[in-house]
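J.: Sharing a model that was predicted from the sequence below.
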Amino acid sequence: MTNTNKQWLGLPLNLLWGYIAIAVFMTGDGFELAFLSHYITGLGFTPAEASFAFTLYGLAAALSAWISGVVAEIITPQKTMFIGFVMWAVFHVLFLVFGLGHANYALILLFYGIRGFAYPLFLYSFIVIIIHNVKSDSSSSALGWYWAVYSIGIGVAGSYIPSFTIPLMGELGTLWTALAFCVAGGLIAMVSLRNVNTPTRMHNLTTREKFSELSRAVTLLYTNKNILCSSIVRIINTLSLFGFAVIMPMMFVDKLGFTTSEWLQVWAVFFFTTIFSNIFWGIVSEKMGWMKVVRWFGCIGMALSSLAFYYIPLWAGHNFAMALIPAISLGIFVAAFVPMAAVFPALEPHHTGAAISVYNLSAGLSNFLAPAIAVVLLPWFDTLGVVIAYTALYLIAFVICHFIDVEQPGFERKARYADDGALKVS
């Protein structure tokens, strides 16, 4: 299942080009984030119609993320990545030509929604490859690198490159450029990963058995309490990340006097920080312990950072340097949840695909629930109420972590009784 290929700071060198493929592909996938909603409204559609297109996209992506782990184990991760890559390219072209090109709202929804289903098949199948090609006691650092290259692609390059291409070729031209990046990333993956180890246990299953395994991505939530608790913690993990992207521009720009560019620069610093913190916590958690890092640095760190993101700018006013402090803090501690990607398959070693699918579903639900909480609370309790809600949920996650019983390689607890009958743990 695993091998002992060389690593550099936790990066499995045999999968290096796979990581590069993820970064390149997600760069193209991230091009549209900063301007597509504005472009759609510019075609004559309402903000509500533009928002619904993104909602449909998010729902399709969450569904795809949910099944991607199991599908990757059933038909191999490489085939799943290939399907996702081709679907993305085909429906991106259809989206640009017939959806945006003809300002056809029905086709925008159809093609953009299907494209939303495509990218998680490519993105999350690589997690299955990591789990099956890296020693279990090194999986956390390998997954830290995975989220680092994800941040480089969608959060840094995906936002930075369009700032140059839009003035040169416009928004539609930039969307066509995104296709080139995604095709390049897909081709790199297909070539570099064709000979890596892949799970074979499910290849000979009957169709009925394969559907049974697919349903396990649902049943694990109520048959394994550790998976359920881990799912809740993973959902809470990125609430501030997705929620602050919605509520903080209103506070920074409308109340504190920051320009939109200044706010975007603050948020870019947050994403840039996660590149290094993902790698850092992935390595540290293997030495300190997965759940200890998640509980004390992830949960507590994010609770304090969330409060700081509100109170420090409120106290300092329009002060760009002071605003960077909570942004950097948030970027450091949100990555302390990286070990959760290793916890899920460790809790279900015989059904790793299903476990990874639950992890992916939890990530998608976090993306959905974070703005939903803000929508419900903002009219009644303003920005502070949303921040306190997120903070409280991180503290709840701190408590839930205590009940997650996972055996981390190299951290088996050995209990023995001393002569006086007192229990000692060594």
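T.: Done, it's in.

J.: Domain-wise, how is this structure divided?
T.: The domain map for the chain lists 1-204, 212-407, with the assignment taken from automatic domain parsing.

J.: Comparing these by mean pLDDT, which bottoms out?
T.: Mean pLDDT values for those show the minimum at domain 1-204, a mean of 87.

J.: and that domain, how far out from the chain's middle?
T.: On the basis of CA atoms, centre = their mean, to the nearest Å, domain 1-204 sits 11 Å off its chain's mean C-alpha point.

J.: before we move on, the earlier item: redo the domains of the chain as TSV? Include mean neighbour count.
T.: The C-beta positions use only the backbone N, C-alpha and C, and glycine is treated the same way. As requested, the domains of the chain are exported to TSV (neighbours: other CB atoms under 10 Å):
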stretch	mean neighbour count
domain 1-204	20
domain 212-407	20
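
J.: Excluding sequence neighbours, find me the nearest residue to Arg216.
T.: Among residues not flanking Arg216 along the chain, Ala354 sits closest, at 4.0 Å (CB to CB, 6 or more residues apart in numbering).

J.: The one you found contacts Val70, correct?
T.: Yes: between Ala354 and Val70 there is a contact under CB atoms under 8 Å: 5.4 Å.

J.: State the distance from Trp88 to Ser329.
T.: 34 Å (CB to CB, to the nearest Å).

J.: With Val97 instead?
T.: Val97 is 44 Å from Ser329, by CB to CB.

J.: And Phe242, by the same measure?
T.: Separation of Phe242 from Ser329 (CB to CB): 17 Å.

J.: From Leu59, how far off is Gly69?
T.: According to CB to CB, Gly69 and Leu59 sit 18 Å apart.

J.: hey, where'd the strands end up in the stretch 1-150 of the chain?
T.: Along the stretch 1-150 of the chain, the segments classed as strands by DSSP state E, counting those that start in this stretch run 7-8, 11-12.

J.: now whatever helix or strand Met291 lives in: how far from the chain's centre is it?
T.: Using DSSP states H and E, Met291 falls within helix 290-292. For helix 290-292, the separation from the chain centroid amounts to 19 Å (computed by CA atoms, centre = their mean).

J.: Tell me which residues touch Phe398, please.
T.: Going by CB atoms under 8 Å, 6 or more residues apart in numbering, Phe398 touches 295, 299-300, 303.

J.: if we go to 10 Å?
T.: By CB atoms under 10 Å, 6 or more residues apart in numbering, the contact set of Phe398 is 233, 236, 294-296, 298-300, 302-303.

J.: farthest-separated two in those residues?
T.: The most widely separated members of these are Ile236 and Trp296, with 14.9 Å between them, by CB to CB.

J.: Show me where the stretch 151-300 of the chain has its strands.
T.: Using DSSP E, counting those that start in this stretch, the stretch 151-300 of the chain contains no strands.

J.: Spatially nearest residue to Phe95 (excluding sequence neighbours)?
T.: Using CB to CB, 6+ apart, the nearest residue to Phe95 is Phe111, at 3.9 Å.

J.: my guess is that neighbour meets Gly99, correct?
T.: Yes: using CB atoms under 10 Å, Phe111 makes contact with Gly99 at a distance of 5.0 Å.
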